[in-house]
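**Q** what's the 3D shape of this:
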Amino acid sequence: MQLKEYQHQVLRDLEQYIETLNGSKSLSVAYSQYWGNRGVSVNGFSNSYLHPYVNTVNGAPRVTLKVPTAGGKTFIACNAIKRIMDNLQTGTPNRVVAWFVPSDTILKQTLEKLQDATHPYRQTIDALFSHRVTVVDKEAALMGQGISPVQMHDNLTIFVLSAQSFVETIRVKKDKSVEQLKPRAFRENGNFLEHTQYYVHPDQLIDNADPTALIQVIAQQNPLVIVDESHNFKADLRVELLNNLSPRFILELTATPRDNSNIISFVDAMQLKRENMVKLPVIVENRNSPKDVLVSAIRMRNSLEQHAVEMEKHGGRYIRPIVLFQAQPKIDNDNITFDKIKNNLIGFGIPEEQIKIKTANKDELKSIDLMSRACEVRYIITINALKEGWDCPFAYILATLANKTSRVDVEQILGRILRQPYTTQHQNPLLNLSYVFTSSNDFRDTVERIILSLQKAGFSKKDFREVNMDSVAEEKKSIPNLFDKPQNQEKKNEVEDAIELSIEEVATIKETIQNDAPSKYIQDLQKQAEQMGNEYNQKINEQSQSGNIDPLAAIIPTEMYYPINESYKEVVAEINLPVFYTKTVASIFSDEEWIPLEKSMLTKGFDLPSKDATVDFTIVRPQGITIDVAESGDDYVPVRRNNQQAIDFIRQQYMDKSATTQKEMLSKQIASMVKFDNVVEPDIKKYIDRVISGLDTDAIASLVDNLYLTRDAIKEKIEILLKDYQKQVFLQWLNVGKIQLKGHYTFIDAIAMPKEEMVGIDKGLYVAEETVNDFEYDVISAIADNPNVLFWHRNREKKDFCINGYINHYPDFIIRMKSGNTILVEAKGDHLVNDDSKNKIWLGNKWADLAGSDYKYFMVFQTKEIEGAITVKQLLQYLNEL
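**A** The predicted model follows:
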């Protein structure tokens with residue numbers, strides 16, 4: 001199971017947030033900086049999605065990923081665990097996850113999938129953690145199964161938990177009174193006596209829990225907390241639970257974030273549709289009566305199955321479309337019940353084995369695999385029991401059977417028909433859509449409730465289409481005639497039970513739906529649906545080709561976007577800045593072509609085990625540290641303090657082992673902690689073997705005591721070796737013509753930017769430009785004052801133009817001269833002379849040499865004269881000449 005592109009982007013967003021967090025002493029500042037780097041000021045405006053950071057859990061980072069229904073939230077969470085543990089700088093080992101779910105149904109499903117070695121979720125986690133993974137629920141955990149101190153140290157331990165079972169007291173009768181007992185996770189438990197001697201914070205136990213309680217064991221690990229469907233996790237008691245757990249990081253995933261959620265990533269419907277994750281748009285048709293809804297849903301389902309069978313004959317996948325009939329709760333005799341619906345369906349000639357009821361009190365779907373070819377189910381009758389946690393991609397049609405005068409409540413169930421079978425685009429376009437049939441006197445209200453239900457699933461009003469069937473009015477009129485009562489039958493009131501069908505009506509409907517040929521009504525409905533689906537797909541394709549699929553666009557105020565100044569638009573339209581391209585090798589599937597170079601391409605052939613194995617460990621000083629939370633208002637400041645318990649526990653794993661065994665253990669442990677996208681773990685392990693091969697037992701003990709500093713020293717060395725190799729390959733490819741410069745980058749029409757980061761200097765390309773530091777301000781002010789300069793632009797890090805070599809270099813400024821020359825300027829303070837600046841000088845000058853005489857690159861220092869760079873004074877002299 002591979003990550004979709006939007007899922008990759010969500011995980012990149014998470015990594016970028018953690019990178020920002022690591023460099024900050026404040027959660028609120030880190031959150032503001034994270035969005036500020038994307039041109040959004042969370043302090044400058046507030047809406048239901050973006051606002052200043054809300055700190056609710058003892059200063060622990062708490063962020064939300066907004067992913068619509070069917071977007072693969074659980075799979076994203078599985079991949080996020082490793083990224084958080086690898087990138088979050090806490091100074092202490094992190095091998096414990098507390099994974100909370102909102103209901104027993106979802107708990108059972110999540111636990112089964114995470115424990116199943118053949119399921120993609122577990123396979124993903126196993127691959128990321130070298131198959132050293134333990135997954136337990138609360139019951140297994142209370143018995144101490146698989147969670148001894150040694151096991152929790154050596155393995156990734158995932159607790160799959162229900163918040164409800166951790167916060168609800170238990171009422172028991174004792175004599176004639178009722179006694180309130182604490183949740184079992186808070187009670188004394190002899191299975192955890194051994195854990196108490198390794199508590200990292202023995203002076204910070206949870207007040208109302210026994211020292212040997214399960215919740216103490218989890219809290220002492222400062223776990224990573226994952227909250228699935230976090231919009232359900234909002235009661236005060238549940239916030240108290242999060243505080244009790246002392247989490248180091250809280251990751252929430254939901255389609256509908258709460259008002260106080262700190263969102264760091266958005267996914268919209270367009271992204272899901274492009275990856276074939278959902279059946280969109282939703283086609284909505286309002287019928288004359290619940291009887292029409294019943295018949296139309298059956299006819300449409302039969303027609304879709306005919307299309308599916310025909311598609312499979314031509315190589316398509318097996319699909320058996322299913323209708324979800326939504327009944328009203330049984331309040332009085334006027335309300336339709338699931339029992340009546342089932343009897344009617346059987347009376348229409350539908351085999352009973354094709355019909356199942358799923359309600360709170362009756363579950364006929366238990367243990368049935370709806371995706372199996374052997375399954376016969378085609379109709380499911382429910383009220384609102386198919387909520388989060390129930391998913392079947394074969395569910396195509398929602399038919400709501402409320403009386404015409406009743407409000408249509410589809411909020412909890414609409415999301416159940418949105419998943420796309422096999423996450424692939426099917427040959428027949430009708431099988432890429434979902435359908436809703438309803439009957440209501442107030443169809444506008446119904447549409448609004450459908451939009452609301454889409455929003456609750458993480459979608460929007462753009463993702464449904466209302467069918468206008470006026471063109472088949474005659475057909476629509478003919479359907480109600482199926483239910484005309486005999487002349488001698490008393491006419492029923494309009495609000496009487498809508499499906500009390502006579503024998504004649506049942507026979508007529510049976511004959512109608514058993515006709516293999518689709519009616520004109522169904523044919524016309526499908527024609528309109530197909531046209532709407534094509535228009536929806538065309539819009540996605542246009543946005544995809546233009547690169548304009550931006551899930552933030554709908555939430556960022558238009559006043560935060562700044563367009564290009566009118567006077568520069570004509571010139572800017574002609575600019576096409578060159579970047580490095582490389583030539584791919586032709587194969588039987590594709591011809592050779594030129595594509596933009598990525599530095600990861602330059603790692604091919606990198607043999608880490610053979611590289612220099614001299615690592616400077618002098619920075620590794622014996623010090624046991626943990627990260628604590630210091631009081632600083634509502635904010636978060638990480639502080640370091642000695643923690644002998646953590647050191648003692650790690651040391652015990654190495655005690656009484658031979659020097660050879662200790663080195664092997666250390667090498668394996670560090671190799672599992674050091675990750676590079678283009679270097680496999682076995683090669684990292686071999687390299688570490690060489691690094692520590694000559695160390696004595698005292699040196700090994702020092703490295704073990706300071707495991708994370710040891711990891712950082714080795715990781716830094718590998719990064720240096722990798723960069724040196726990439727530079728060599730880059731130069732070699734340049735020399736043989738495998739890398740060339742080609743026009744690529746054009747300026748976007750408008751940039752999003754926080755208002756507090758505007759710079760008021762003349763000749764900016766955009767109406768507003770991003771802020772700069774003091775030295776950069778002096779440089780660009782002097783540049784803007786030069787009469788030869790047409791305009792300048794503050795080139796934004798990781799967002800705008802990049803010189804893409806063996807490093808990715810984003811020069812500070814792009815200058816356009818009236819002569820037509822384009823100049824890239826990198827402004828450096830005199831204190832920033834280092835290897836990074838030297839690499840940028842080399843790459844920038846190489847880019848300018850190859851780009852031609854119309855392009856220049858300058859690294860500018862205040863006064864220092866560095867080889868390949870110039871001073872501010874020299875830059876201004878060049879501008880005068882240009």
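**Q** could I get stretch 796-803 in PDB with only the CA atoms?
**A** The C-alpha trace of stretch 796-803 is given here as PDB (Å, rounded to 0.1, in the frame of the first residue of the first chain):
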ATOM      1  CA  ARG A 796      10.700  33.100  -0.200                       C
ATOM      2  CA  GLU A 797      12.400  30.000   1.300                       C
ATOM      3  CA  LYS A 798      10.900  26.700   0.100                       C
ATOM      4  CA  LYS A 799       8.100  28.500  -1.800                       C
ATOM      5  CA  ASP A 800       9.700  30.400  -4.700                       C
ATOM      6  CA  PHE A 801      12.600  30.000  -7.100                       C
ATOM      7  CA  CYS A 802      15.300  27.500  -6.200                       C
ATOM      8  CA  ILE A 803      18.700  26.700  -7.700                       C
END
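**Q** mind listing what E312 touches?
**A** 318-319 (CB atoms under 8 Å, 6 or more residues apart in numbering). (C-beta placed from N, C-alpha, C; glycine too.)
**Q** name the helix or strand for it, please.
**A** Using DSSP states H and E, E312 sits within helix 290-313.
**Q** what comes up buried for that helix?
**A** 290-305, 307-308, 311 (16 or more other CB atoms under 10 Å).
**Q** stretch 781-791 now?
**A** Result for stretch 781-791 [16+ other CB under 10 Å]: buried residues 783-784, 786, 789-791.
**Q** can you list the residues you listed in a markdown table and add pLDDT?
**A** Below are the buried residues of stretch 781-791 laid out as a markdown table (pLDDT from 0 to 100):
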| residue | pLDDT |
| --- | --- |
| I783 | 94 |
| A784 | 93 |
| N786 | 94 |
| V789 | 95 |
| L790 | 97 |
| F791 | 96 |
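**Q** looking at those, which is nearest T584?
**A** F791 (36.0 Å; CB to CB).
**Q** related to what we said a few turns ago, after the helix holding E312, next one along is what?
**A** Scanning onward from helix 290-313 (DSSP H and E), the first element met is strand 322-326.
**Q** who are the packing partners of that following strand?
**A** helix 290-313, strand 379-382, strand 395-400 (3 or more CB pairs under 8 Å, 6 or more residues apart in numbering; DSSP states H and E).
**Q** helices of the stretch 101-250 of the chain, residue ranges please.
**A** Counting by DSSP state H, counting those that start in this stretch, residue ranges of the helices within the stretch 101-250 of the chain are 104-115, 120-128, 138-142, 149-154, 163-167, 193-196, 214-220, 236-244.
**Q** which of the ones you listed sits closest to Y855?
**A** helix 120-128 (43.1 Å).
**Q** hmm, back to that, how about the helices and strands packed on strand 322-326 in a markdown table, adding mean pLDDT?
**A** Listed next are those as a markdown table, based on pLDDT from 0 to 100:
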| stretch | mean pLDDT |
| --- | --- |
| helix 290-313 | 91 |
| strand 379-382 | 90 |
| strand 395-400 | 89 |
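**Q** now distance to D339 too, for these, in JSON lines please.
**A** Shown next, in JSON lines, are the helices and strands packed on strand 322-326 (distance: least, CB to CB, whole Å):
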{"stretch": "helix 290-313", "distance to D339": "15"}
{"stretch": "strand 379-382", "distance to D339": "9"}
{"stretch": "strand 395-400", "distance to D339": "17"}
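**Q** out of the helices of the stretch 101-250 of the chain, which gets nearest to G72?
**A** helix 120-128 (10.1 Å).
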